[in-house]
Each structure stands twice: as structure tokens, then as C-alpha cells.
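Asker: structure here, sequence nowhere to be found:
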Ligand SMILES: Nc1ncnc2c1ncn2[C@@H]1O[C@H](COP(=O)(O)OP(=O)(O)OP(=O)(O)O)[C@@H](O)[C@H]1O
């Protein structure tokens, strides 16, 4: 059973249609990237999956169950977690308290999950009592990632995980995503401006252009596809 299915999803902002009958799937254990140029609808697609925007038509299913009109928390209970764009950690709260907010849907296993997050991100363990706002950009990205893992998700959605990071952190974040996928079987749906970077760790990709899905396929088939250039830079 697919972890996530979008079936002909259309989204409007007022009169303006932002997504046109988008259909996509994420299977267990996959890294899937959502590519496209500016204003192509990547963030809108992510927000719709997370339950922050309700589609006008179409259907969304998580592990086979319809969640098209479910609240974000209900989706988290069905295995979805997100690392939002620009990270948004709580700057005054300690690293550890930030992590614990990620476990709000859970009653048990929280300490064990915390230990496992610290194992994946030793830097966060070292800084557990430090206010999150004092972390570097790369460390805040790790914290946002760790917080998402605290709900023990099967699928994690990441919006521009490398945005604004120094090149050394870009590689580190991508390595981490690949490692969590490999070691825990975590599925990832990732929005990324940098198509080449995203495709270097993804199994499959979808390409959006002005709210339409124009191309999809295995990552290697997309890397040199001229249609990607068109989607990003125009014909
Ligand atoms: N809250 C909103 N109200 C009205 N229009 C919106 C809103 N959010 C996005 N849009 C419009 O929807 C379209 C898709 O925007 P979206 O943010 O999903 O694109 P994106 O691919 O994530 O772009 P970028 O890479 O530039 O962030 C754009 O034309 C945008 O102007």
C-alpha cells in the first residue's frame, strides 16, 4: 500500500487555480523529490499534503485512508511529519524542549525516541540545554529534522531542506536524509530548488510547472531531461 497518494488534487487561492489535478504517490522506503521553478506550486502541494490547505477537488490518502479534509494532527497520527521551510524552531526554548514538541501526538516511547534522535544527531545531544535560537543555521535544520522524527513518522515531508545553508551543511543534510532512509526505511518527500542535488539522493521525482505535473520518473531519467530545464527556466 502506498504511504501517500494524491489523486487529481486541485487547489485554488480565491479565484486563482494553483494546482491542476495533481496525482502522485510515495511508496514505503522511497525518497521522492518534487521539483519545479519559482511559483510552480511546490509549497502549495506540500501544504495541501500536510493539511494546511484544503483542495477544492481530488483526494488525499495516507496509508490507504482518506485524509483529504483531515486536520494536520490527524495526519501526523497516520505517520506523516514535516520539516517546514525556513525551519521554524522555537528560539527561546531549549533544544530538548523543541524536540519534545515533536512528540505531541504520542503518550509512550518518547524517551526512547529522544535517545534515538540524539544518536542520529550527536550535536543536538551536546546542546540539549541551549536555547534553540542560539544554534547555527545548519544545527537548526538538524533540530527541525529531529523534531519531525519525534513523532516516529513513516513519511517525512521536507520543504527546501538545504535552503540558506552553507555548502558543507548542504551535503551533511542530504547525507542525513539518505542515511535515515537507508537505516530506518523512512520515506521522504522533498521539495528542492536545486534539482541536481535532490536527484542525487532521490529514487524518483516529479516536476511541476505552473501548477501542472509535467514530468515524473526515476531520478536517473530526470537528471539530464531537457524538460526539467524548460520547467525551471521556460522554453
Ligand atoms: N496564500 C496565497 N494566496 C494567493 N496566492 C498564493 C498563495 N500562496 C501561493 N500563491 C500562488 O500560488 C502559486 C504557487 O506558489 P507556491 O508557493 O506553491 O510555489 P513554489 O513552487 O513553492 O514557489 P517558490 O519556489 O518560489 O517558493 C504562485 O503563483 C503563488 O503566487
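Answerer: Received it, and whenever you're ready, just let me know what you need. Bear in mind that the values here come from a model prediction, so they are computed numbers and not experimental data. Numbering: from 1, shown residues only.

Asker: buried residues in stretch 1-16?
Answerer: Across stretch 1-16, burial judged by 16 or more other Cβ atoms under 10 Å covers 2-7, 9-11. Using the backbone N, CA and C atoms, a C-beta is placed for each residue, glycine as well.

Asker: which of these fall in strands?
Answerer: Taking DSSP state E as the definition of strands, the buried residues of stretch 1-16 contribute 4-7, 9-11.

Asker: out of these, which comes closest to the ligand?
Answerer: residue 11 (8.4 Å; Cβ to the nearest ligand atom).

Asker: and stretch 219-227, end to end?
Answerer: 13 Å (Cα to Cα, to the nearest Å).

Asker: for it, the distance to its chain's centre please.
Answerer: Centroid separation for stretch 219-227 versus its chain: 21 Å, with Cα atoms, centre = their mean, to the nearest Å.

Asker: run through who's touching the longest helix along the chain.
Answerer: Determined from DSSP state H, the single longest helix within the chain is helix 167-184. Contact with helix 167-184 is made by 29, 31, 120-121, 137-138, 141-142, 145, 149, 156, 158, 161-162, 165, 186-188, 190, 197, 200-201, as judged by Cβ atoms under 8 Å, 6 or more residues apart in numbering.

Asker: again, but for stretch 10-21
Answerer: For stretch 10-21, using Cβ under 8 Å, 6+ apart, the contacting residues are 8-9, 22, 41, 44-45, 48, 53, 55-58, 211-212.

Asker: pLDDT of that stretch, averaged?
Answerer: Average pLDDT, stretch 10-21: 97.
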